[in-house]
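**Q** Just to be clear, the model below is a prediction. Sequence and coordinates:
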Amino acid sequence: LRVMWVDYIRKYFLFDLIVYIFYFALWVCLVDWTSSSTSNIEGSLSGFEYGLSIVMLVLNTIYAMKEIFQSGFGRRMGYFASLWNIVDFVSITLVYAYSISTMA
């Protein structure tokens, strides 16, 4: 087990952690810059905010694909018995909804 952690799993875990922290930081920035209390009065996004929305959609798609692969493409019903996996799918859906609504 130690060999698997040192040689394989740790690298994947660290990569996944770094990407998730980056994703979370971008999400906080996007929500802060586009929320109604902090956005500009005319409601249009700047080029940077629009690009940030696109990056969030791409990262969210990567995480959605990861969850789909982990669920065995929806065939492993035990996967959906865990509350955390349901929370993952709900949060992915909400990120899509918010990101698309900011670009509209």
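**A** In hand now; what should we look at? Residues are numbered from 1 along each chain as shown.
**Q** is it true that residue 31 touches residue 101?
**A** No. Counting by CB atoms under 8 Å, residue 31 stays clear of residue 101, with 11.6 Å between them. Yep, even glycine has a C-beta here, placed from its N, CA and C like the rest.
**Q** For the two, indicate the residue with more neighbours.
**A** Between residue 31 and residue 101, counted using other CB atoms under 10 Å, the more crowded position is residue 31 (15 against 10).
**Q** Now do the contacts for the more buried one.
**A** residue 98 (CB atoms under 8 Å, 6 or more residues apart in numbering).
**Q** any idea how far residue 53 is from it?
**A** Separation of residue 31 from residue 53 (CB to CB, to the nearest Å): 11 Å.
**Q** most centrally placed residue in this protein?
**A** residue 60 (3.7 Å; CA atoms, centre = their mean).
**Q** Not counting its neighbours along the chain, what's nearest that residue?
**A** residue 95 (4.7 Å; CB to CB, 6 or more residues apart in numbering).
**Q** Sticking with that neighbour, tell me its helix or strand.
**A** Per DSSP states H and E: residue 95 is located in helix 83-103.
**Q** quick one on the thing from earlier: could you report the pLDDT at the residue nearest to the centre of the chain?
**A** Note for residue 60: predicted pLDDT of 92.
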